[in-house]
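[1] Fold the following and give me the result.
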Amino acid sequence: MTLVLSYRSPGPVPVEIEGVTPEALRGKTLDEIRSWDIYQGNRKVSLGEFFAVSGDASDESIRLEGELSGVHWMGAKMKRGTIYIDGDAGRHVGSEMTGGRIEVAGNAGDWLGGEMRGGRIHVRGRAGHLVGAAYRGSARGMTGGTILVEGDVGNEIGHTMRRGMLVVGGNTGDLAAFNMLAGTILVCGESGIRHAAGMKRGTLMYLGDHAPELLPTFRFACRYRPTVLTLLLRKLQQLEFPLCEDLFSAQFDLYNGDLIEGGRGEVLIRSR
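    Numbering: from 1, shown residues only. Modelled structure (predicted):
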């Protein structure tokens, strides 16, 4: 049976629930969960002050309900289990998570999957800036796992990304794959400027009709059909991510760069 946390006190001061994860609450009674420490701003409070608690935590499944855009760090550092967010979510959803699955029915804020290490996040709506990115001053961003966003995202997605896969069904802002170390980013919509600046390795692929302007430090290599793309697309279909069928036969123009960092990165743009 799923543990249900219903947010009942939205207000101007954000609530942070870092540590409220399926593995942490497993085996706890409802009263113990209600007394779990969270924060409202810089004030330590009990979970029961802001959430109605029902159900059972034994199967490592949590459902969060209500107007949750002001609730941050949902699923941060989780190791296993499942979290369902029934609506919009705040910042840092799934940050530093190492396993498990997070499903967001609405939109998510900034730092979705920040420095994520494993597991899967699926957002049915939009997401903010710095998806899968490194925190300021950190050497690496996302180092494993999968992030799926069906809508638009903001700037600097995949900043200093090291491993894993990030897929965007809508448009992106500026500086996608900035300082990318490795990993895979797929973008289905339009995009901003200065993508893959400082890219060392990894793959940034544009699946849609929009061909972004590349930096002058990228060079055209060839036009071809990436064999690995078929495997990725089939995997995304299994994960119920919406895709166009004609992608299975599409050809792509390959550009290598960033040449100031050795030129081992790949940007692939769907050819027309």
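
[2] quick check, residue 230 in a strand?
    No - assigned with DSSP: H, G, I helix; E, B strand; the rest coil, residue 230 falls outside any strand and is helix.

[3] Now do the same contact list for it.
    Listed by CB atoms under 8 Å, 6 or more residues apart in numbering, the contact partners of residue 230 are residue 248. To be clear about C-beta, it is placed using only N, CA and C from the backbone, and glycine gets the same treatment.

[4] per-residue pLDDT, it?
    Listed pLDDT for residue 230 reads 93.

[5] Which of the helices and strands in this protein ranks last by mean pLDDT?
    helix 227-238 (a mean of 94; mean pLDDT, DSSP states H and E).

[6] Buried residues, stretch 182-198. List them.
    182-189, 191, 194-198 (16 or more other CB atoms under 10 Å).

[7] hmm, back to that, now do the buried residues in the least confident helix or strand of the chain.
    Within helix 227-238, the residues that qualify as buried are 229, 232, 233, 236, counting by 16+ other CB under 10 Å.

[8] Tabulate the CA atom coordinates of it in CSV.
    C-alpha atoms of helix 227-238 as CSV (Å, rounded to 0.1, in the frame of the first residue of the first chain):
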residue,chain,number,x,y,z
THR,A,227,22.9,2.7,-35.0
VAL,A,228,22.7,3.4,-31.3
LEU,A,229,19.8,5.8,-31.8
THR,A,230,17.5,3.0,-32.7
LEU,A,231,18.2,1.3,-29.3
LEU,A,232,17.7,4.6,-27.5
LEU,A,233,14.4,5.3,-29.2
ARG,A,234,13.1,1.8,-28.4
LYS,A,235,14.1,2.3,-24.8
LEU,A,236,12.2,5.6,-24.7
GLN,A,237,9.1,4.0,-26.2
GLN,A,238,9.2,1.4,-23.4
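
[9] The stretch 151-272 of the chain: strands as residue ranges?
    Counting by DSSP state E, counting those that start in this stretch, the stretch 151-272 of the chain has strands at residues 163-168, 184-187, 203-206, 219-224, 252-257, 265-270.

[10] All set now, cheers.
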